[in-house]
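Colleague: got a sequence here, can you build the structure:
(one chain, ligands or ions: 2)
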Amino acid sequence: MDILKQAPTAPPSKPSPLRPLTLGTPALVAQHVPCTMHLSVLPPELACSLFYKMIDESSTWSKNKWWLFDRVVESPHLTSFYARKGEENRIEEAKYWYNGRQTEDPRPFLPEMDEACEIIEKIVNAELKKRKRFPLEWGGHDGDDGLTWRANVAASNCYRGSKEGVGPHTDQLTYLGPYPTIASLSLGTPRVFRLRETIPTSETDSRAAQTFNVPLTHNSLAIMHASCQERFKHSIPPQPSLDLFRPPFPRPSTNTTSTARDDTTSNARINITFRFYRPDFSARSIPKCKCGVPMVLRADMKNRTDGETDKYWWTCYGGAQSDDGKGCGLWKVLDMRGEGRGPTVGERRRKETI
Ligand SMILES: O=C(O)CCC(=O)C(=O)O
Ligand SMILES: [Fe+2]
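Modeller: Ligands and ions are numbered 1, 2, ... in the order given. The predicted model follows:
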């Protein structure tokens, strides 16, 4: 009888934690995460003048404040929101919301941002042609090739010194829709961009998450490709120390004398994320919760599937700015077809094969 006894089953062992890995080259970035890294993307003089312009503008930017569980949190770094020319009317009229609060009217792109944006669009579109497309990505309008990524807005951040950063998060998909492509330009002091995968519940027993650290240097472009927001959280962690940035060109024609120059070194980093707000996720198409606030769209990262049937949640964000941090708690699953969204890459493919 003894032989029939089953060997005692060992308790399921958790996969061993993995050490953080620094991805110091574009090849390593492409190998490990759904991102690409592009170095020295703008003409050096443009990168430098855009850095100065954004540093000056940042004195009028603001900090983000919102409710997290039972406390008000304020992100120390400064942020602002810009719309590309020709898009301001659509975007102003639309009134976007962020963190449960109506955003100020977006500012128009500065001329240097326009110049940078045109260069960045070319890089992004060349990269998109090489990549696998996901069925829920924006499929484009009839008549265009569905591949063209056009930045119509930009969110900008300024981190002053090594302590300012942003914690692990995914970008809200409310206006970006599923599987967005986000192009993130870094100017000034180098910082680390940290990515960590959220392991789906069905795989937590078989594999562990790894932390990836990507150094972001002045004038580099990190593209977060489709599936990055669905699979990875990203952050700019505070650092124990920083390499100061020495701008390679002086400030253009200011009245400061050489002894009073404030451009010799800087501990600040400017980040500009160029984004494509999808026409099928226009502000007026966003459902509102019982608080009267547009709901926020997020991917169900723990139960992701195949790029076609992934689940996304619209959730109440009214609590983020209310007096007590409590909202109505309403949530519902995104229903692409039922809500009349698209066309998606998947729908276009199906049409083409019929
Ligand atoms: O500063 C960065 O590179 C990242 C900023 C970011 O994650 C965001 O604005 O959502
Ligand atoms: Fe982000």
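
Colleague: report the buried residues of stretch 239-249.
Modeller: Judged by neighbour count (16 or more other C-beta atoms under 10 Å), stretch 239-249 contains these buried residues: Gln239, Leu242, Phe245, Pro247. From N, CA and C alone the C-beta is placed, and that goes for glycine too.

Colleague: gap between the second one and ligand 1?
Modeller: Spelled out, it's Leu242. Relative to ligand 1, Leu242 is positioned 14 Å away (C-beta to the nearest ligand atom, to the nearest Å).

Colleague: per-residue pLDDT, the closest residue in space to that residue that isn't next to it in sequence?
Modeller: Once flanking residues are discounted, Leu242 sits nearest to Ser162: 4.5 Å by C-beta to C-beta, 6 or more residues apart in numbering. The model reports Ser162 with a pLDDT of 95.

Colleague: correct me, but Ser162 touches Gln239?
Modeller: Yes - using C-beta atoms under 8 Å, Ser162 is in contact with Gln239, at 4.5 Å.

Colleague: what residues does the stretch 251-354 of the chain have near ligand 1?
Modeller: Residues of the stretch 251-354 of the chain lying near ligand 1 by C-beta under 6 Å from any ligand atom: Asn271, Thr273.

Colleague: now the strands for the stretch 251-354 of the chain?
Modeller: 268-275, 296-299, 312-315, 331-333 (DSSP state E, counting those that start in this stretch).

Colleague: and these, which is most packed in?
Modeller: Using mean count of other C-beta atoms under 10 Å, the stretch among those with the greatest mean number of neighbours is strand 268-275 (a mean of 23).

Colleague: so for it, mean pLDDT?
Modeller: For strand 268-275, mean pLDDT rounds to 97.

Colleague: and His234, what element?
Modeller: When elements are assigned from DSSP states H and E, His234 belongs to strand 232-236.

Colleague: what lines up beside that strand in the sheet?
Modeller: Here strand 232-236 is paired, per DSSP bridges, with strand 166-169 (antiparallel), strand 191-197 (antiparallel).

Colleague: out of those strands, point me to the one whose mean pLDDT is lowest.
Modeller: Sorting the strands paired with strand 232-236 by mean pLDDT places strand 166-169 lowest, at a mean of 88.

Colleague: anything in the helix or strand following that strand near ligand 1?
Modeller: Using DSSP H and E, the helix or strand that follows strand 166-169 towards the C-terminus is strand 182-188. Yes - applying C-beta under 6 Å from any ligand atom, one finds strand 182-188 touching ligand 1 at Ser184.

Colleague: which secondary structure elements does strand 182-188 sit against?
Modeller: Packing contacts for strand 182-188, counted by 3 or more C-beta pairs under 8 Å, 6 or more residues apart in numbering; DSSP states H and E, involve helix 44-57, helix 111-130, strand 220-224, strand 268-275.

Colleague: what does it contact?
Modeller: Residues outside strand 182-188 that contact it (C-beta atoms under 8 Å, 6 or more residues apart in numbering): 41-42, 47, 50-51, 54-55, 116, 120, 123-124, 151, 171, 176, 193, 216-224, 228-229, 245, 266, 268-275.

Colleague: quickly list what the residue of the stretch 201-350 of the chain found nearest ligand 1 is bridged to.
Modeller: Nearest residue of the stretch 201-350 of the chain to ligand 1: Asn271, at 3.4 Å (C-beta to the nearest ligand atom). Counting by DSSP bridges, Asn271 is bridged to Asn157, Ser186.

Colleague: and stretch 32-41, how far out from the chain middle?
Modeller: Distance, stretch centre to chain centre, for stretch 32-41: 14 Å (C-alpha atoms, centre = their mean, to the nearest Å).

Colleague: and it, end to end?
Modeller: With C-alpha to C-alpha, to the nearest Å as the measure, stretch 32-41 spans 22 Å from end to end.

Colleague: cool, and stretch 330-337?
Modeller: Terminal-residue distance, stretch 330-337 (C-alpha to C-alpha): 21 Å.

Colleague: now the helices for the stretch 251-354 of the chain?
Modeller: Using DSSP state H, counting those that start in this stretch, the helices of the stretch 251-354 of the chain run over 345-353.

Colleague: I meant to write the stretch 1-150 of the chain there.
Modeller: For the stretch 1-150 of the chain, helices defined by DSSP H, counting those that start in this stretch occupy the ranges 26-32, 44-57, 88-94, 111-130.

Colleague: just the pLDDT at the spatially closest residue to Pro190 that is not a sequence neighbour, thanks.
Modeller: In this structure, Pro190 finds its nearest non-sequential neighbour in Thr217, 4.9 Å apart by C-beta to C-beta, 6+ apart. Model confidence at Thr217, given as pLDDT, is 98.

Colleague: wait, what's in contact with Thr217?
Modeller: By C-beta under 8 Å, 6+ apart, Thr217 lies in contact with Leu39, Ser186, Pro190.
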